[in-house]
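1. sequence below, structure please.
(one chain, ligands or ions: 1)
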Amino acid sequence: MDPETESPPFYEHIYQNYFSYRRHKKQREEDIAICECKFSFSDPDTVCGERCWNVLTSTECTPGYCPCGVYCKNQKFQKCEYAKTQLFKTEGRGWGLVADESIKAGQFIIEYCGEVISWKEARRRAQAYEIQGCKDAYIISLNASESIDATKKGSIARFINHSCQPNCETRKWTVLGEIRVGIFAKQDISVGTELAYDYNFEWYGGAKVRCLCGAANCSGFLGAKSRGFQEDTYLWEDDDDRYSVEKIPLYDSAEDEPSSKHLKTIDSSSFEYTINAQNEYSVIMNISMKPEHELESTTVVVQPLDLVSTEGVVMNAVKSESVGIVAVNAVKSESMEGVLLNAVKTEASEEMKLYSHDTQQALSQKNALLSRIPGSSACQNYRIGPRAMPTKRPKHYGNGKPKHLLTRQVDVKHVTQLLASKEAREEVFRNEEMRNDATSQLAFLYDEIRPAIEEHERDNQDCVATSVAEKWIEACCLKLRTEFDLYSSIIKNVVCSS
Ligand SMILES: C[S@@+](CC[C@H](N)C(=O)[O-])C[C@H]1O[C@@H](n2cnc3c(N)ncnc32)[C@H](O)[C@@H]1O
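-> Purely as a prediction, here's the structure:
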């Protein structure tokens with residue numbers, strides 16, 4: 001084919017994410033973040049700049065609400081204020097994107113647009129594309145439960161290739177209530193330079209692809225740490241260099257070297273785990289986002305909440321898109337089974353006595369799944385277990401039957417029979433469905449990150465990197481939140497029915 005006339009395979013060009021499986025969120029007025037910037041004719045360029053509250057929290061100003069009105073400079077995603085770029089054909093890596101003007105460090109370059117799909121659908125599509133023979137993969141992660149697929153619909157950002165020494169990075173911004181992914185410059189970039197970001201963790205690769213980025217610190221394979229990188233995926237065996245892989249990839253890359261990256265770290269000295277007289281369990285972590293030598297931690301403390309859970313443990317996580325999970329709070333409170341009394345015939349008082357021990361164990365082994373590894377140099381290691389369960393022997397009661405306090409499930413079908421109204425039953429079933437989805441997402445996540453965990457276990461490090469742990473925590477928290485929603489809707493409706 002004549003390279004002059006060759007063009008990339010067809011895709012539909014879009015300028016905003018496309019929502020098919022759900023609607024775009026409608027931003028409620030009370031959720032709109034309004035900054036305190038003031039426009040001044042003497043200094044028009046600084047308006048809604050780096051000191052703007054919204055900019056500092058990676059949130060775009062909402063038109064009609066920003067005090068700077070039409071002068072607001074913090075609506076770059078909404079106004080498609082992209083840097084000039086040019087498509088070009090690379091040597092061996094398909095199409096790529098180069099800067100068509102000089103770009104400053106930190107500058108927003110372009111939004112990664114595509115179809116917003118559920119995580120399950122992303123997994124299904126990634127496998128389908130692979131079976132169909134699509135060698136280029138365009139699915140990236142949006143949040144714990146959703147992904148962006150730019151395979152058939154996308155912006156030109158879909159052409160940005162991977163590099164292990166990237167000049168760009170992805171950042172997540174909140175725009176009109178939705179998270180969106182932007183490509184930002186990590187450094188000054190001159191005209192004609194290829195744009196590239198590191199696909200690790202954000203990318204759903206299909207086949208194992210040999211990385212041809214040419215960087216001195218190249219990890220050898222594309223997105224070798226990404227959750228879409230499966231050990232059992234098909235290895236392409238044509239004459240394209242990218243797709244002939246002899247070895248299982250090494251997961252060690254620059255990402256693992258604390259000195260070379262900005263780390264999200266947990267400062268062990270400020271990791272607190274407390275139990276107070278009211279039996280409230282509280283875990284507080286301090287997280288920093290700085291190079292190791294500049295570490296300085298920020299504590300975010302979340303007060304224990306008065307919540308209810310079947311498992312006796314509720315985790316309350318405060319998350320910021322730019323720094324990940326910043327605090328996890330676990331609260332022991334009334335047993336849901338205890339509240340439902342006859343519906344599930346629980347031996348509440350005896351079980352309650354066991355809660356403090358079991359809850360603590362559940363915290364460290366089942367839900368929290370975090371433990372500091374002594375002597376770990378990078379301060380970024382957590383333990384993630386395969387649907388980890390407490391290893392201690394189950395409790396036995398008078399009838400000799402083991403009691404798995406922490407795995408007992410409320411029989412939702414049975415409980416809904418107690419509810420008088422159809423609406424109440426539907427609400428509970430809806431919440432149950434969401435809880436089930438979150439549970440299977442967690443199971444999928446474990447399958448996806450298994451290679452990384454197993455690789456570490458082979459290295460006898462017993463740990464995985466922070467980003468993997470964060471994704472795991474996010475999925476755990478989603479599951480816990482949906483569980484909470486389910487059980488609180490049951491309580492509310494049972495109380496209203498009685
Ligand atoms: C998001 S697409 C990037 C655009 C793609 N080059 C194209 O022609 O459409 C990701 C795909 O590009 C290829 N790719 C990106 N970076 C690469 C790299 N460093 N080495 C080898 N192939 C790369 C891989 O086939 C990957 O699945």
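2. can you give me the helices in the stretch 101-250 of the chain?
-> Applying DSSP state H, counting those that start in this stretch to the stretch 101-250 of the chain gives helices spanning 119-132.
3. what parts of it come near the ligand?
-> Contact residues, the stretch 101-250 of the chain versus the ligand (CB under 6 Å from any ligand atom): 135-138, 158-159, 161-163, 209, 211-213, 222, 242. Any C-beta I mention is one placed from the backbone N, CA and C, and that applies to glycine too.
4. how near is the residue of the stretch 51-200 of the chain found nearest the ligand to Ser20?
-> Closest contact between the stretch 51-200 of the chain and the ligand, by CB to the nearest ligand atom, is at Gly94 (2.6 Å). Distance, Gly94 to Ser20, by CB to CB, to the nearest Å: 26 Å.
5. neighbour count winner among these two?
-> Gly94 (14 against 10; other CB atoms under 10 Å).
6. the closest residue to the more buried one other than its chain neighbours: neighbour count?
-> Leaving aside its chain neighbours, Gly94 sits nearest to Asp136 (5.6 Å; criterion: CB to CB, 6 or more residues apart in numbering). Using other CB under 10 Å, Asp136 has 18 neighbouring residues.
7. from the residues of the stretch 101-250 of the chain next to the ligand, which would you call buried?
-> 136-138, 158-159, 161-163, 209, 211-213, 222, 242 (16 or more other CB atoms under 10 Å).
8. take those residues and lay them out in CSV including pLDDT.
-> As requested, those are exported to CSV (pLDDT from 0 to 100):
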residue, pLDDT
Asp136, 89
Ala137, 90
Tyr138, 94
Arg158, 97
Phe159, 97
Asn161, 96
His162, 93
Ser163, 94
Val209, 79
Cys211, 89
Leu212, 93
Cys213, 93
Leu222, 79
Arg242, 56
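9. for the protein, what are the low-confidence residue spans?
-> 1-5, 201-208, 223-409, 448-468, 498 (pLDDT under 70).
10. could you chop it up by domain?
-> Following automatic domain parsing, the chain resolves into domains at 12-256, 263-497.
11. what about Asp198, how many neighbours?
-> So Asp198, with other CB under 10 Å, has 27 neighbours.
12. and what of Gln165?
-> Neighbour tally, Gln165, other CB under 10 Å: 15.
13. ok, Cys134 next?
-> 16.
14. how close does it sit to Asp149?
-> From Cys134 across to Asp149, the span is 11 Å (CB to CB).
15. and Lys172, by the same measure?
-> 17 Å.
16. who has more neighbours out of the two?
-> Asp149 (24 against 17).
17. which ones are touching the more buried one?
-> Going by CB atoms under 8 Å, 6 or more residues apart in numbering, Asp149 touches 114-115, 117, 122, 125, 138-139.
18. helix, strand or coil for Ile490?
-> Following DSSP: H, G, I helix; E, B strand; the rest coil, we place Ile490 in the helix state.
19. kindly report the same for Arg23.
-> Arg23 ends up coil, using three-state DSSP.
20. identify the bridge partners of the residue nearest to Arg125 when sequence neighbours are not counted.
-> Excluding the flanking residues, the one nearest Arg125 by CB to CB, 6+ apart is Asp149, at 6.0 Å. Beta-bridge partners recorded for Asp149 (DSSP bridges): Glu115, Ile139.
21. which helices and strands sit right next to the helix or strand hosting Trp472?
-> Assessed by DSSP states H and E, Trp472 sits inside helix 466-497. For helix 466-497, the packing partners by 3 or more CB pairs under 8 Å, 6 or more residues apart in numbering; DSSP states H and E come out as strand 263-266, strand 313-320, strand 324-332, helix 336-340, helix 412-416, helix 422-458.
22. rerun at 7 Å
-> Counting contacts by 3 or more CB pairs under 7 Å, 6 or more residues apart in numbering; DSSP states H and E, helix 466-497 packs against strand 313-320, strand 324-332, helix 336-340, helix 422-458.
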